[in-house]
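K.L.:
Sequence and predicted structure below; questions after.
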Amino acid sequence: MTDYKNLKLIATSNPHIRNNETTQTIMRDVIVAMLPALIMGIVRFGVEALILTAVSVAACVFFEGMYRKLMHKPQSVADLSAVVTGMLLAFVCPVTTPVWMILIGDFFAIIVVKQLFGGIGKNFINPALAGRAFLLGSYAGAMTSWIDPVANKAPIMGGLTDVVTTATPLAYMKTGDIEGLKAAYEIKDVLLGTKIGGSMGEISAILLILGGVYLIVRKVINWQTPVAYIGTVAVLTFLFPKGSASGLEWMLYSLFSGGLMLGAFFMATDYATSPVTKKGQLVFGIGCGIFTVLIRYFGSYPEGVCYSIMVMNLCVALIDKWTKPTRFGVVKSDKKEAAAK
């Protein structure tokens, strides 16, 4: 006799689409796409870049595994999402960040932002960006001190003892010192990351672009968000240059400096915190670009990528609501009435 009480039936609506893509394979592609930038960070800053990344990844995996075990939830560390979060958080921190500080950021990103809201797919802001924002608000001095990769390598286990610090291109741009910017960095320097100070994973724009193209070709991300994001920043900075720089010069420095490429390809495209629809992704990217330029121009902090993406993360539900396609057979008046409810 069939045991109907214990019979498990799975009923889903059509269409039924099957493929071999899983969270693990998606995250593996993201890790592969970030490897060139990681290698460049190690080349420019030394072994400390590798140590910082390894510690951050290990801490994120540990915190996620520990939390889910204590809460008696299925383990999720094998999906590699914690590895990606650890890498991204290390990428957006100075290479001199002390180990204890990156551990605090990892805890905040994994436990507070991700797991307390239900785990992967349920967080409403990007965990790595939230971790960076928390560290920046708590330890502003350490999070805004950049070593000169030409003069020295990063000291083992973080710290700024006996190292030469440097101003980043965005710092020159914030003060309007265009001549100082041109003297310190050529456009090819910010594109290739040959002698740029800054966060470990954002110094080489070209390698981040290559990683982003890889993700698009692999269909891990859509082109709409990064193209809209980068395009918006390009248009606004070309039309409104500062100081004595031409529109083209200002635009190129704005695009290749700071974390724009890292944010556009690897953070603004996070599945859980970005819109579902193609039109929504365009709106999301444009919004990120506008906020980035506004913060860089009028804020007290020279970089705007982190906060611009988090602000737009909070608008995702509204964007999805107003950009969702009309179902077949539903007239526009019915759609407006449903949206108004």
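P.N.:
Now that the structure is in, tell me what you want to look at. Residues are numbered from 1 along each chain as shown.
K.L.:
is it true that V55 touches L103?
P.N.:
Yes. Assessed by Cβ atoms under 8 Å, V55 is found in contact with L103 at 7.4 Å. The way it works is simple: take the backbone N, C-alpha and C, and place the C-beta from them, glycine included.
K.L.:
And these two? Which one has more around it.
P.N.:
Set V55 next to L103 and count neighbours by other Cβ atoms under 10 Å: V55 wins out with 20 against 17.
K.L.:
Could you measure from the more buried one over to A78?
P.N.:
According to Cβ to Cβ, to the nearest Å, V55 stands 20 Å off from A78.
K.L.:
what do you get for A59?
P.N.:
For A59, the distance to A78 - Cβ to Cβ - is 17 Å.
K.L.:
ok, the two, which is more surrounded?
P.N.:
Taking other Cβ under 10 Å, A59 and A78 do not tie; A59 has more neighbours (24 against 13).
K.L.:
which strands and helices sit next to the helix or strand where the more buried one lies?
P.N.:
According to DSSP states H and E, A59 maps onto helix 47-70. Applying 3 or more Cβ pairs under 8 Å, 6 or more residues apart in numbering; DSSP states H and E, we find helix 47-70 packed against helix 23-45, helix 81-91, helix 99-107.
K.L.:
quick one: buried residues of that helix?
P.N.:
Within helix 47-70, the residues that count as buried by 16 or more other Cβ atoms under 10 Å are 48-53, 55-57, 59-65, 67-68.
K.L.:
Tell me the pLDDT of the spatially most central residue of the chain.
P.N.:
Nearest to the mean C-alpha position of the chain, by Cα atoms, centre = their mean, lies M267 at 2.7 Å. We have a pLDDT of 95 for M267.
K.L.:
Help me confirm that it comes into contact with P127.
P.N.:
No. M267 is not in contact with P127 according to Cβ under 8 Å; the separation is 10.0 Å.
K.L.:
A167: how many residues sit nearby?
P.N.:
18.
K.L.:
And V217, by the same measure?
P.N.:
Neighbourhood size, V217 [other Cβ under 10 Å]: 9.
K.L.:
can you check W146 too?
P.N.:
20.
K.L.:
That one reaches G197, doesn't it?
P.N.:
Yes. Using Cβ under 8 Å, W146 is in contact with G197, at 3.8 Å.
K.L.:
how about the helices in the stretch 101-250 of the chain?
P.N.:
127-138, 140-143, 169-175, 178-184, 187-192, 205-217, 224-239, 247-256 (DSSP state H, counting those that start in this stretch).
K.L.:
Can you tell me which of those is most buried?
P.N.:
helix 127-138 (a mean of 23; mean count of other Cβ atoms under 10 Å).
K.L.:
for that helix, packing partners?
P.N.:
Helix 127-138 packs on helix 81-91, helix 99-107, helix 140-143, helix 305-313, going by 3+ Cβ pairs under 8 Å, 6+ apart.
K.L.:
Can you check which of these gets nearest to K279?
P.N.:
helix 305-313 (14.6 Å; Cβ to Cβ).
K.L.:
Okay, buried residues for the helix or strand harbouring A317 please.
P.N.:
Element membership of A317 [criterion: DSSP H and E] is helix 316-323. Of the residues in helix 316-323, 316, 319-320, 323 count as buried by neighbour count, 16+ other Cβ under 10 Å.
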